[in-house]
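A.B. asks: Sequence first, then the predicted structure, then my questions.
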Amino acid sequence: MASNDGGAFRRMLRKLTSDVEVLDAVDLSEDAEKSGAHRASECARGQEVTMLGRLRSVEFCPQDAEASLQAELFDGTEGVTLIWLGRRRIAGIEPGRTMRVRGRIAVRDGHKVLYNPYYEICQAQTP
């Protein structure tokens, strides 16, 4: 019983002394693992993946450029760029949203990319 209390105390102490961004990354990574999603850091080019993460940024295409929408999905291990070709906006795609995406990993300029991924917007989890 003492070993469980010591472990709980260490976890609580780590949460109190760690950086918020590090804790958020750990939580995202654990949520992704529990859901059976692939970790971005472990994915390779050509692999078909399902990922769970939070949108860090969304870039809307200007009207005079070719239509595309880009977003960065972070799963706690690494960011992956999501690109929807032929779309300027998608309702619900905004920074801070948690999403599950599915597609085939590509690499563009050294960064992992999913083109036209299937996506689900997940409900925000309450602590």
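C.D. replies: Structure received.
A.B. asks: Give me the spatial nearest neighbour of the residue positioned nearest the centre of the chain, chain neighbours excluded.
C.D. replies: In the chain, the centroid-proximal residue (CA atoms, centre = their mean) is Gly53; its distance is 2.5 Å. Once flanking residues are discounted, Gly53 sits nearest to Asp75: 3.6 Å by CB to CB, 6 or more residues apart in numbering. (Each C-beta comes from the backbone N, C-alpha and C, glycine too.)
A.B. asks: Neighbours of that neighbour, how many?
C.D. replies: 24 (other CB atoms under 10 Å).
A.B. asks: my guess is it contacts Cys43, does it?
C.D. replies: No - with contact defined as CB atoms under 8 Å, Asp75 does not reach Cys43; the gap is 9.7 Å.
A.B. asks: Which neighbours do those two have in common?
C.D. replies: Common contacts of Asp75 and Cys43 (CB atoms under 8 Å, 6 or more residues apart in numbering): Met51.
A.B. asks: returning to that earlier point: strands paired with the helix or strand that contains the residue nearest to the centre of the chain, and their directions?
C.D. replies: Per DSSP states H and E, Gly53 falls inside strand 48-60. Strand 48-60 has these partner strands in its sheet, going by DSSP bridges: strand 68-74 (antiparallel), strand 98-108 (antiparallel).
A.B. asks: Format the CA atom coordinates belonging to it as PDB.
C.D. replies: Written as PDB, here are the backbone C-alpha positions of strand 48-60 (Å, rounded to 0.1, in the frame of the first residue of the first chain):
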ATOM      1  CA  GLU A  48      -1.900   4.400 -43.200                       C
ATOM      2  CA  VAL A  49      -2.500   5.900 -39.800                       C
ATOM      3  CA  THR A  50      -5.200   7.000 -37.400                       C
ATOM      4  CA  MET A  51      -4.100   9.900 -35.100                       C
ATOM      5  CA  LEU A  52      -5.700  11.800 -32.200                       C
ATOM      6  CA  GLY A  53      -4.500  15.200 -31.300                       C
ATOM      7  CA  ARG A  54      -5.200  18.900 -30.900                       C
ATOM      8  CA  LEU A  55      -5.000  21.500 -33.600                       C
ATOM      9  CA  ARG A  56      -2.200  24.000 -32.900                       C
ATOM     10  CA  SER A  57      -2.700  26.200 -35.800                       C
ATOM     11  CA  VAL A  58      -4.900  26.700 -38.900                       C
ATOM     12  CA  GLU A  59      -4.000  28.600 -42.000                       C
ATOM     13  CA  PHE A  60      -6.700  29.800 -44.400                       C
END
